[in-house]
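Q: here's a sequence, model it:
(3 chains)
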Amino acid sequence: MTGTTFRARVLRVVAGIPPGRVVTYGDVATAAGRPRAARAVGNIMGSCSDSRIPCHRVVASGGQLGGYGGNVSLKRALLRAEGVLVVGTRIRQFADVRWTARLARRQRTR
DNA sequence: GCATTGACTAGGG
DNA sequence: GCCCTAGCCAATG
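A: The predicted model follows:
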């Protein structure tokens, strides 16, 4: 995996997010190997045109919705459709819908 | 190869 | 709770 670019790793992580769950840009960056590249992740997301990449499950820190190419309303609708409780530009019960590889292992094993 | 941009984050007012 | 500032990173011109 030495030749894997940061971009590819980010897309890989986002593609692994299960329905009804969300992750912050910082979490994706960390999972990709660059804890400080949250901004870069956002840039990559804007370029992700693949339908297999659920970019709408990537949100900002603190449960903020973040952005969605200028159509935040659509992102809000998609998240709510998956069971995520969204109010205004924020996510309620963010800790309950937040997803990370480490948490996934915990809930999968138990 | 340098400068600008942008779906970010944390900290201070 | 909201607005502004500084810091960080990859992509693009």
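
Q: contacts only, for the residue nearest the centre of chain A.
A: With distances taken as C-alpha atoms, centre = their mean, chain A has A:Val58 as the residue nearest its mean C-alpha position (2.2 Å). Residues counted as contacts of A:Val58 (C-beta atoms under 8 Å, 6 or more residues apart in numbering) are A:14, A:17, A:22-25, A:28, A:41, A:45, A:66. Bear in mind the C-beta positions are built from the backbone N, C-alpha and C, glycine included.

Q: now do A:Leu85
A: Applying C-beta under 8 Å, 6+ apart to A:Leu85 gives the contacts A:91-93, A:97.

Q: can you map out the helices along chain A?
A: Secondary structure of chain A, counting by DSSP state H: helices at A:6-15, A:25-32, A:38-47, A:72-81, A:94-97, A:101-109.

Q: can you list those in TSV and add mean pLDDT?
A: Supplementary listing: these in TSV, determined by pLDDT from 0 to 100:
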stretch	mean pLDDT
helix A:6-15	95
helix A:25-32	96
helix A:38-47	95
helix A:72-81	95
helix A:94-97	94
helix A:101-109	77
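
Q: looking at those helices, which one is packed in the most?
A: Highest mean neighbour count of those: helix A:25-32, a mean of 22 (counted as mean count of other C-beta atoms under 10 Å).

Q: DNA strand B contacts on chain A?
A: Those residues of chain A that sit near DNA strand B, judged by C-beta under 7 Å from any atom of the strand, are A:24-26, A:38-43, A:45-46, A:48, A:55-56, A:58, A:60-62, A:64, A:66-69, A:75.

Q: 6 Å instead, please
A: With the criterion set to C-beta under 6 Å from any atom of the strand, chain A comes near DNA strand B through A:24-26, A:38-40, A:42-43, A:45-46, A:48, A:55, A:58, A:60-61, A:64, A:66-69.
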